[in-house]
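1. fold the following for me, if possible:
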Amino acid sequence: MSDKPGVTQKLARFVVVTRWENIPSAVAHQAKRSLMNFFAVALAGCRTAPVEMALGSLKEFSDRKQATVIGRSERLDALSAAFLNAAGANVHDFCDTHVRTVIHPTAPVAPALLALAELRQVSGPELLLAFILGNEVQARIGLAISPSHYNRGWHITSTCGVFGAAAGSGKLLGLDERQMVWALGAAATQSSGLCEALGTPAKSLSVGNSARNGLWSALLANQGFNGPPEPLTGVQGFYHALNETPDLAVVTDGLGESWEIMATSYKPYPCGFVIHPVLDCVLDWRRDHPTAEVTRVVVRGNPLLSLRTDRPHVSTGRESQVSVQHAVAAALTSGKAGLDQFTDACVRDPKVRALRGKVEVISDDAFSTIAAAVDITTADGTIHKLSQTAARGSDVNPMDDAGLEDKLKTAAADWEAGYDAAPLIDAIWALEEGADVSKLASLTVPR
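-> Residues are numbered from 1 along each chain as shown. As a prediction, the model looks like this:
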């Protein structure tokens, strides 16, 4: 791909010139929904073993108590807090999803902005605007190379999320257009993340780095740390290095007219999003047939379902989050698909283990990533044919506001007995009215 100047500059200009008054009310509301979901999944993940280990490692190098670690009493330097909060939000595979790219958009962006908001005064509208713009930048960069980028094995949440964190942080810092290009350039050279890490704690490492490095990129640019003029489409830039032929029109056309945050889906189940339509089918059927003996299950879905989640042999809870066989077996056995169904104990359950071996996965291009069909054969020989055209929580079958509040309340109750989530929920819905959001993250800290 030859050098095609102007793409990064157009993105940078869009971020710099867009004002809160340019944001439609529906887009602003969707941003608050995403933050509600973010705090739910961050609270669910804040005390997991991967977060404990990462925190223990980073504390050795952090003597600055600048920013909140969500759900915990510890305070760290802003970069480390951004890392931990992003990793914690992603660790359970419970975070939101941009359907067309499979980017989990909030985990890389929100932690960077929340950390920065504890370093300098930021209003609620400023936070929401920066969050929306960061979301837009990462989604459009990813759309230009989807689905090939993810299918090649790049963890797109991390590789594109670092751009979102840089753009959003740069907006809060008041970078000019030239500095914003520098921030995106610094982000480009720190973009990384591999799908080979899915099912292991290392998966969340690159998500944490996307938040940390995006924030750092903006801070560097604010100090005059410059970079290439065209980091995305330069002859040795991001797209060229990945050996991609991007649809560049997708990156810049219609900026400010359509908003990718509106295509966000919110997960009711803590596992890979392509598994969700399958679980919808299985859980509905199990509710009506609680005692039926299942002898065979055939799952048909988008090729991504097979590519990412056809894993019949798993040994840990982390691996089970990206195993459609395990998700089906656990749901049929327990009638549930919550955090308890994706644990080491559930993976070792003899009934679940036996049923995993009875699940077959078939790839079918006719299905979207939010659709699936499931045939369940029972001991009497009956084949029960099930289907879901739009997974619950997807952008076309969305979780409502009350559902997102309940997700946060449930996560909070499991995290800290007696914790009152109401002040946090109220603060999120009232963000437009806030003159200073520096205490928002601290509403999650146990008293």
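2. all contacts plus neighbour counts: C-alpha atoms, from now on.
-> Fine.
3. ok, the residue nearest to residue 275 when sequence neighbours are not counted - contacts?
-> Take residue 275 and drop its neighbours on the chain: the residue closest to it by C-alpha to C-alpha, 6 or more residues apart in numbering is residue 324, 5.9 Å away. Contact partners of residue 324, counting by C-alpha atoms under 8 Å, 6 or more residues apart in numbering, are 275, 305, 309, 310, 311, 312.
4. try it again at 7 Å.
-> Neighbour list for residue 324: 275, 309, 310, 311 [criterion: C-alpha atoms under 7 Å, 6 or more residues apart in numbering].
5. quick one: it and residue 40, what's the gap?
-> Using C-alpha to C-alpha, to the nearest Å, residue 324 is found at 24 Å from residue 40.
6. can you tell me the average pLDDT over the helix or strand where residue 172 lies?
-> Residue 172 belongs to helix 156-173 when assigned by DSSP states H and E. Helix 156-173 carries an average pLDDT of 98.
7. same deal with stretch 439-447?
-> Regarding stretch 439-447, the rounded mean pLDDT is 93.
8. need the contacts of residue 324 in TSV (columns: neighbour count, distance to residue 15 and secondary structure).
-> Below are the contacts of residue 324 laid out as TSV (neighbours: other C-alpha atoms under 10 Å; distance: C-alpha to C-alpha, whole Å; DSSP: H, G, I helix; E, B strand; the rest coil):
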residue	neighbour count	distance to residue 15	secondary structure
275	31	34	helix
309	26	36	helix
310	19	39	coil
311	17	41	coil
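9. measure residue 135 to residue 346 for me?
-> Residue 135 is 35 Å from residue 346, by C-alpha to C-alpha.
10. same drill for these two, tell me which one is more crowded.
-> Between residue 135 and residue 346, counted using other C-alpha atoms under 10 Å, the more crowded position is residue 135 (30 against 22).
11. and that one, what's its pLDDT?
-> As predicted, residue 135 sits at a pLDDT of 98.
12. which residue is the nearest non-sequential neighbour of it?
-> residue 164 (5.6 Å).
13. run a quick neighbour tally on that neighbour.
-> Residue 164 has 37 nearby residues by other C-alpha under 10 Å.
14. also residue 61?
-> With other C-alpha under 10 Å as criterion, residue 61 counts 11.
15. which residues does it contact?
-> By C-alpha under 7 Å, 6+ apart, residue 61 lies in contact with nothing.
16. secondary structure element holding it?
-> Counting by DSSP H and E, residue 61 is part of no helix or strand.
17. same check, this time on residue 82
-> helix 78-90.
18. run through who's touching that helix.
-> Here helix 78-90 has contacts from 38, 41-42, 45-46, 51, 58, 66-70, 95, 107-108, 111-112, 115-116, 204-205, 207-209, 211-212, using C-alpha under 7 Å, 6+ apart.
19. which parts of stretch 182-199 are buried?
-> For stretch 182-199, burial by neighbour count (16 or more other C-alpha atoms under 10 Å) applies to 182-195, 197-199.
20. for that stretch, give the mean pLDDT please.
-> Mean predicted lDDT for stretch 182-199 stands at 96.
21. contacts for it next, please.
-> Under C-alpha under 7 Å, 6+ apart, the answer for stretch 182-199 is 153-155, 158-159, 162-163, 166-167, 203, 206, 213-214, 217-218, 221, 226-228, 231, 238, 318-319, 321-322.
22. show me the shaky parts of the chain.
-> Where the chain drops to pLDDT under 70, the residues are 1-4.
23. what segments of it are strands?
-> In the chain, the strands defined using DSSP state E lie at 67-68, 75-76, 97-98, 264-265, 294-301, 359-363, 372-378, 383-388.
24. mind putting the ones you listed into a markdown table with mean neighbour count and distance to residue 439?
-> Shown next, in a markdown table, are the strands of the chain (neighbours: other C-alpha atoms under 10 Å; distance: least, C-alpha to C-alpha, whole Å):
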| stretch | mean neighbour count | distance to residue 439 |
| --- | --- | --- |
| strand 67-68 | 28 | 9 |
| strand 75-76 | 20 | 13 |
| strand 97-98 | 26 | 27 |
| strand 264-265 | 26 | 26 |
| strand 294-301 | 20 | 44 |
| strand 359-363 | 18 | 47 |
| strand 372-378 | 21 | 42 |
| strand 383-388 | 16 | 41 |
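25. go through those and name the closest to residue 419.
-> With distances scored as C-alpha to C-alpha, the stretch of the strands of the chain nearest to residue 419 is strand 67-68 (17.2 Å).
26. re earlier: quick check: angle from the helix holding residue 172 to helix 78-90?
-> Interaxial angle, helix 156-173 versus helix 78-90 (axes from the mean of the first three to the mean of the last three C-alpha atoms, to 10 degrees): 140 degrees.
27. residue 261 and residue 62: what is the separation?
-> From residue 261 across to residue 62, the span is 34 Å (C-alpha to C-alpha).
28. for residue 380, same thing?
-> In this view, residue 380 and residue 62 are 62 Å apart by C-alpha to C-alpha.
29. and the two? Which one has more around it.
-> More crowded of residue 380 and residue 62, by other C-alpha under 10 Å: residue 62, with 17 against 10.
30. now do the contacts for the more buried one.
-> The contact partners of residue 62, by C-alpha under 7 Å, 6+ apart, come to 76, 77.
31. next one: stretch 284-302 to chain centre, how far?
-> Offset of stretch 284-302 from its chain centre (C-alpha atoms, centre = their mean, to the nearest Å): 28 Å.
32. show me what stretch 383-398 is in contact with.
-> Residues beyond stretch 383-398 that count as contacts (C-alpha under 7 Å, 6+ apart) turn out to be 263-268, 276-277, 280-281, 370-377, 399.
33. quick one, phi/psi of the residue lying farthest from the centre of the chain?
-> Distance to the chain centre peaks in the chain at residue 380, reaching 41.7 Å (criterion: C-alpha atoms, centre = their mean). The phi/psi pair for residue 380 (degrees, to the nearest 10) reads phi -80, psi 0.
34. from residue 84, how far off is it?
-> Here residue 380 is placed at a distance of 50 Å from residue 84 (C-alpha to C-alpha).
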